[in-house]
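Undergrad: pasting the sequence and the predicted coordinates here, then a few questions.
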Amino acid sequence: MGKKAILIGATGLVGAHILQLLLSDERYVSVKVLHRRSTGISHSKLTEHIIDFDDQESWKPLVTGDHLFSALGTTLKKAGSKNAQYKIDYIYQYNFAKIASENGVSSYALVSSLGANPDSGSFYPRIKGELDEAVQELSFDNTLILRPSFLDGKRDEFRLGERIGIAVAKVVCKMPGLKKYHPIKAETVAKAMIEGVNSKQGKHIFEAQEILSLV
């Protein structure tokens, strides 16, 4: 019997690839997207629900299926403040994962970040690390966390800092001991999430240099 997927963050760089891959994957009979705005995609396997993440009671019954893919996220610039980014990158994702686990979703895959560490002195890696720790305490049968380096791919908006970072990383990663900083295609991360959640049992964290082993 085919699997039912749930996806949040479907309009982001990795999330958009996850969605396309799920829709073409014969292992999945349905893909449910819950988001703040439509993907604009029409497909027989796709069901979209436009939700308010702050109104949990309205969407809680919708979070049912087999595999939850979490690719939600933003930047400090786009969010406008650290509090706003924390709400999107931690609170929304954790609350959604918690409800999914309570609703009997068996497997969970999360896009985290290189350097994620709850004890970090920097804001972004700290909240990513906090989320990584928190979701591992939930009652999923399988939990897969990927920590990619710079994501390489075409975004809707141009990010100068990101493009500079990717260019620098492509040089730096050639130095001994720095391979983990090598940029990775967003589509590769998406493929790794889907293959990983279908093949791994238990709780797993894949650091940047290990992600390619899943595809």
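TA: Ah, there it is. Source: prediction; values computed, not measured. Residues are numbered from 1 along each chain as shown.
Undergrad: quick check: next helix or strand after the worst-scoring helix or strand of the chain on mean pLDDT?
TA: Scoring the helices and strands of the chain by mean pLDDT, DSSP states H and E places helix 160-172 at the bottom, with a mean of 54. Note on helix 160-172: by DSSP states H and E, the next helix or strand toward the C-terminus is strand 184-185.
Undergrad: check which element follows that following strand along the chain.
TA: Following strand 184-185 in sequence, per DSSP H and E, is helix 186-199.
Undergrad: what's the angle from the helix or strand that comes right after that next one to helix 186-199?
TA: Using DSSP H and E, the helix or strand that follows helix 186-199 in sequence is strand 202-207. If you take axes from the mean of the first three to the mean of the last three Cα atoms, to 10 degrees, strand 202-207 sits at 160 degrees to helix 186-199.
Undergrad: run through the chain and note the low-pLDDT ranges.
TA: Scanning the chain for pLDDT under 70 picks out the ranges 153-182.
Undergrad: how about the strands of it, start to end?
TA: Listed in chain order, the strands of the chain (DSSP state E) span residues 3-8, 28-35, 46-50, 67-70, 107-111, 142-147, 151-152, 184-185, 202-207.
Undergrad: strand partners (parallel or antiparallel) of the fifth one?
TA: Strands flanking strand 107-111 in the sheet, each with its direction: strand 67-70 (parallel), strand 142-147 (parallel) (DSSP bridges).
Undergrad: same check, this time on the first one
TA: With DSSP bridges as the test, strand 3-8 is paired with strand 28-35 (parallel), strand 67-70 (parallel).
Undergrad: off-centre distance for the longest one?
TA: By that I understand strand 28-35. Put simply, strand 28-35 sits 15 Å off its chain's centre (Cα atoms, centre = their mean, to the nearest Å).
Undergrad: give me the contact list for that strand.
TA: Contacts of strand 28-35 with the rest of the structure, by Cβ atoms under 8 Å, 6 or more residues apart in numbering, involve 1-11, 19, 22-23, 39, 43, 45-51, 59, 62-63, 65, 96. (Each C-beta comes from the backbone N, C-alpha and C, glycine too.)
Undergrad: just the buried positions in it, please.
TA: Buried positions in strand 28-35, judged by neighbour count with 16 or more other Cβ atoms under 10 Å: 28, 30-35.
Undergrad: on that earlier part again, so which of the strands paired with strand 3-8 gets nearest D141?
TA: Among those, strand 67-70 comes nearest to D141, with 10.5 Å by Cβ to Cβ.
Undergrad: I'm done for today, thanks for sticking with me.
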